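Peer 1: sequence isn't available, so here's the structure alone:
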């Protein structure tokens, strides 16, 4: 077996170094390739180094560990096996049924050596059981399922009692009130969200997409990519290409929209 490798994503340098030292003591063969201080850097470094194991802090500035893991699941090359995931968190609400040691493990802060030793044993066993070569969609499914569950749990926890009814959008130097019932598609774009409506117009919102998702009815609006949300009843057709990737077309919009691996389960009939 090749030398196992890992990446640590933790915004507190002292905690990151402590975790690296503990891992060195418990698993001398493990090589920590890099330490990232935020979620965006973690994604870039993981795609660059393709480690066997990822230790992601749940709460990081800019992009959480969950969001970083979800982005990696979308961007990870199909020719390489997706890393084993371990989330590090100080918050007990994440250490619940959504975590399953077979695909996603967790450790609580402050990290205890005995608990980390259990995680190391599970990781070592997981790496031994891995098959060489590209990872099949069936092998990746348990990880995707648990990432969806964790992301959904974090979104639901922040949802208000009533869903959003109106969007306040910028149109030039004016503010336009857009009924949510008129929205076809929302797309993240830098610091804004592009909103495409049933009358063919496009407006901009300053509210981040992840905050909007907390206030939209999940039965009406489906997230199909980390930066794309569509009205489910507006979906006209869904297509699978030769590589197995899904895309869809919305009624009233000309462009096809990509469906990421993380949300392909919405179209199981395909």
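Peer 2: Yep, that arrived. It should be emphasised that the depicted structure is a prediction, and the values quoted were computed from it without experimental measurement.
Peer 1: in a helix, residue 8, correct?
Peer 2: No: Residue 8: not assigned to a helix; according to DSSP: H, G, I helix; E, B strand; the rest coil it is strand.
Peer 1: identify the bridge partners of it.
Peer 2: For residue 8, the beta-bridge partners are residue 35, residue 55 (DSSP bridges).
Peer 1: how many neighbours does it have?
Peer 2: Residues lying near residue 8 (other Cβ atoms under 10 Å) number 26. Yep, even glycine has a C-beta here, placed from its N, CA and C like the rest.
Peer 1: thinking it is in contact with residue 19, fair?
Peer 2: Yes: in this structure, residue 8 is within contact of residue 19 by Cβ atoms under 8 Å, at 5.9 Å.
Peer 1: what do those two both touch?
Peer 2: residue 55 (Cβ atoms under 8 Å, 6 or more residues apart in numbering).
Peer 1: count of residues packed around the closest residue to residue 135 other than its chain neighbours?
Peer 2: Sequence neighbours aside, residue 81 is the residue nearest to residue 135 in space, at 4.4 Å (criterion: Cβ to Cβ, 6 or more residues apart in numbering). As a burial measure, residue 81 scores 20 neighbours (other Cβ under 10 Å).
Peer 1: just give me the neighbour total for residue 236.
Peer 2: Using other Cβ under 10 Å: residue 236 sits among 10 other residues.
Peer 1: would you mark the buried spots in the helix or strand bottoming out on mean pLDDT in the chain?
Peer 2: Across the helices and strands of the chain, mean pLDDT, DSSP states H and E gives its lowest value to helix 137-157, namely a mean of 76. Going by neighbour count (16 or more other Cβ atoms under 10 Å), the buried part of helix 137-157 is 140, 143-151, 154-155.
Peer 1: coming back round to it: quick one: the residue nearest to residue 135 is in a helix?
Peer 2: No: looking at residue 81 with three-state DSSP, it is coil, so not inside a helix.
Peer 1: how close does it sit to residue 221?
Peer 2: 33 Å (Cβ to Cβ, to the nearest Å).
Peer 1: pull the residues that contact stretch 184-199.
Peer 2: With contacts defined as Cβ under 8 Å, 6+ apart, stretch 184-199 is touched by 167, 169, 178, 182-183, 202-209, 212, 221, 226-231, 234, 250-253, 257.
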